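Trainee: prediction below, plus the sequence it came from.
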Amino acid sequence: MLKFTHVKISRDLSYIYNIMCTTDQQSLISRQINIASFESFEHRFIEDLKYFYHVFFVVQNEKEENIGFVYSYDHRANDGHCSIVVYIDKEYQTTGAGIEASMRFMDYLFKVYPINKIYTHIYQYNEQSLLCNRQAGFSEEGCLKNYRYHNGKYWDLHILSMERERFYCTYEKYL
């Protein structure tokens, strides 16, 4: 069973830096970050914790090793929605850890906050994530054509959502 821990700069920053500042991983999970040094990343990340991220957890395995992270952003309390990102290290992506982390994180957000809908934004080139989210019951609400230039080509951005009622009708037996 996975464990969520609140991010701690002293414990987790190097781990997060290595993911968010590695080109192949960064293009899957975040807006483009151009960081000149670890110190500038630390400053930016601390600012993002205050002003951009709504909730940020590090995901750990049973040995308490970091294997990913989940975060929400664009939380609109008055509108009842937010967006999420789920990142799981490559070696754990075929173990079900991503599904477990997603389900547990959405359950947490729905129970703790007055959220009715959770969005995720997935680039077309992230085919595995797009397929998994669709199979998990996320509905496609829109597609922004040719939204991001990546590896010499323009790619679409798919906007998917999960509503609270649908989530609990589908997954309550697993939680």
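Mentor: In hand now; what should we look at?

Trainee: burial count for L160?
Mentor: L160: 21 surrounding residues under other C-beta atoms under 10 Å. From N, CA and C alone the C-beta is placed, and that goes for glycine too.

Trainee: what sits against it?
Mentor: L160 sits next to 119-122, 133-134, 138-141 when contact means C-beta atoms under 8 Å, 6 or more residues apart in numbering.

Trainee: which entries within those residues meet the buried criterion?
Mentor: By neighbour count, with 16 or more other C-beta atoms under 10 Å, these hold 119-122, 133, 138 as buried.

Trainee: so the residue lying closest to N66 once chain neighbours are set aside is in which element?
Mentor: Using C-beta to C-beta, 6 or more residues apart in numbering and skipping residues adjacent in sequence, the residue nearest N66 is Y15, 4.8 Å away. For Y15, the host element (DSSP states H and E) is helix 9-20.

Trainee: any chance you could list what contacts that helix?
Mentor: Around helix 9-20, the neighbours that count as contacts under C-beta under 8 Å, 6+ apart are 7, 25-26, 29-30, 33, 38, 41-42, 45-46, 58, 66, 69, 87.

Trainee: so D156 touches H150, yeah?
Mentor: No. With contact defined as C-beta atoms under 8 Å, D156 does not count as touching H150 (11.0 Å).

Trainee: any common contacting residues for those two?
Mentor: Joint contacts of D156 and H150 (C-beta under 8 Å, 6+ apart) are Y123.

Trainee: buried set for the longest helix along the chain?
Mentor: Across the chain, the longest stretch assigned as helix under DSSP state H is helix 97-112. Going by neighbour count (16+ other C-beta under 10 Å), the buried part of helix 97-112 is 97-107, 109-110.

Trainee: helices and strands around that helix, which ones?
Mentor: Packing partners of helix 97-112 (3 or more C-beta pairs under 8 Å, 6 or more residues apart in numbering; DSSP states H and E): strand 3-6, strand 53-60, strand 66-76, strand 81-88, strand 117-123, helix 164-171.

Trainee: what sits up against the longest one?
Mentor: If I follow you right, that is strand 66-76. Strand 66-76 is contacted by residues 2, 4, 7, 12, 15-16, 19, 52-61, 81-89, 92, 97-98, 101-102, 105, 109, 113, 115, 118-119 when judged by C-beta under 8 Å, 6+ apart.
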